[in-house]
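Enquirer: Here's my sequence, what's the structure:
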Amino acid sequence: MYAVYIFGGILALLLAAVIFAPMVERKSVREAEAPTPEGRKARALDALRELEFEFETGKMAESDYQKLRAHWAAEAIEARDSLGESSGSDVQAGDCPVCGADLKPGARFCSRCGESLADPAPAT
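Expert: Numbering: from 1, shown residues only. Just a heads-up that it's a prediction; the model follows:
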């Protein structure tokens, strides 16, 4: 008779272990991984895209949107700065005047933002 109770108890413990093990494992993996600057930047940009979508579809109040957007924008800028990427304000001669992308010789449009690079025709 006691064998049934012992077997049931062991079975219940095994079932609980199977159910709760992924939750415990996922938490320890997150704590063990230190996010790299590339990962932080990608996470912040993904969050900004998702946030923009949620706001545009009317699922989020504007006050919440502004607060979260400021947080994720600051996170993206901090990650960008830690990677040593330029902010676009220090554009050099061979770069797009709008977004700062490297231009190929003879290009008439920027490959990143599509800005026209042709010199305007002189006024007559």
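Enquirer: alpha carbons only for contacts and neighbour counts from here, please
Expert: OK.
Enquirer: and Gly8, helix, strand or coil?
Expert: helix (DSSP: H, G, I helix; E, B strand; the rest coil).
Enquirer: Report the secondary structure element holding the spatially most central residue of the chain.
Expert: The chain has Arg43 as the residue nearest its centroid, 2.4 Å off, counting by CA atoms, centre = their mean. Using DSSP states H and E, the element containing Arg43 is helix 37-56.
Enquirer: List the contacts of that helix.
Expert: The contact list for helix 37-56 (CA atoms under 8 Å, 6 or more residues apart in numbering) reads 60-62, 65, 68-69, 72-73, 75-77, 79-80, 82-83.
Enquirer: Would you mind splitting the chain into its domains for me?
Expert: The chain breaks down into these domains under automatic domain parsing: 1-33, 35-86.
Enquirer: any chance of those in a markdown table, with distance to Ser116 and mean pLDDT too?
Expert: Below are these laid out as a markdown table (distance: least, CA to CA, whole Å; pLDDT from 0 to 100):
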| stretch | distance to Ser116 | mean pLDDT |
| --- | --- | --- |
| domain 1-33 | 43 | 78 |
| domain 35-86 | 22 | 87 |
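Enquirer: Now tabulate those domains in CSV and tack on distance to Phe109.
Expert: Listed next are these as CSV, based on distance: least, CA to CA, whole Å:
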stretch, distance to Phe109
domain 1-33, 41
domain 35-86, 21
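Enquirer: Out of these, indicate the one that is most buried.
Expert: Stretch with highest mean neighbour count among the domains of the chain: domain 35-86 (a mean of 14; mean count of other CA atoms under 10 Å).
Enquirer: This protein: helices as residue ranges?
Expert: Under the criterion DSSP state H, the chain contains helices at 2-32, 37-56, 62-83.
Enquirer: All set now, cheers.
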